[in-house]
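S.K.: model this:
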Amino acid sequence: MPGPNHNPPDCLMDLASEREALIGHHDLLRRLTDQLSTTIDSGGDPTVIAKHFDDFLSCLAVHFAAEERVMIALEYGGFGDHRQEHHDALTRLRLLDADYRDGRQAAAYEALHFIKSWNASHMEHRDAEFDLYLDQVKSRQ
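M.R.: The predicted structure is shown next:
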């Protein structure tokens, strides 16, 4: 495995642009989380809550795919564990979404709690590790 000395393939945008796109995703996901939280905490209409949750899940899946594409292209050594965390999070959130749509109102609160705690943990640890790797790759260019 080439590691951080490996140059990014031509199929990637420049590394700075890739990183900015991922940071933009994180910012959008935080805003969507806040929107979902406000709607749930205010006792919002279940249809609106479901719509906000759909928006969040769609953006999360797009972000995960983009992040994983960069990891694969750069042959990131932590890819397998990172990708598994993405898969596990999406699976858990999709199950909670299904529970909510089946009428279990508490699933919205459980999903929100999961999102907030998972985002903080994942972004502070896994994404920070990947960001360091991106720094190493960039310094070799």
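
S.K.: for Gly43, helix, strand, or coil?
M.R.: coil (DSSP: H, G, I helix; E, B strand; the rest coil).

S.K.: Any idea how many residues pack against it?
M.R.: Gly43 has 9 neighbouring residues, counting by other C-beta atoms under 10 Å. Placement of C-beta: from N, CA and C, glycine included.

S.K.: Same check on Tyr133?
M.R.: 18.

S.K.: That one: what's it in contact with?
M.R.: The neighbours of Tyr133, taking C-beta atoms under 8 Å, 6 or more residues apart in numbering as the test, are Pro4, Leu74, Tyr76, Gly77, Gly78.

S.K.: wait, which of those is closest to Val137?
M.R.: Using C-beta to C-beta, Pro4 is the member of these that sits closest to Val137, with 5.0 Å.

S.K.: what pLDDT does that closest one get?
M.R.: pLDDT, Pro4: 51.

S.K.: Show me where the protein dips below the pLDDT cut-off.
M.R.: The chain contains residues with pLDDT under 70 at 1-13, 141.

S.K.: now the helices for the chain?
M.R.: Ranges of helices in the chain, per DSSP state H, are 15-41, 46-73, 79-101, 106-124, 126-140.

S.K.: and the angle from the shortest one to helix 46-73?
M.R.: For the pair helix 126-140 and helix 46-73, the angle between their directions (axes from the mean of the first three to the mean of the last three C-alpha atoms, to 10 degrees) equals 40 degrees.

S.K.: mind checking how far Ile40 is from Ser58?
M.R.: 18 Å (C-beta to C-beta, to the nearest Å).

S.K.: More neighbours: the two, which one.
M.R.: Using other C-beta under 10 Å as the criterion, Ile40 and Ser58 rank with Ile40 on top: 20 against 11.

S.K.: what's the closest non-adjacent residue to the more buried one?
M.R.: Closest residue to Ile40 apart from its sequence neighbours, by C-beta to C-beta, 6 or more residues apart in numbering: Ala108 at 5.1 Å.
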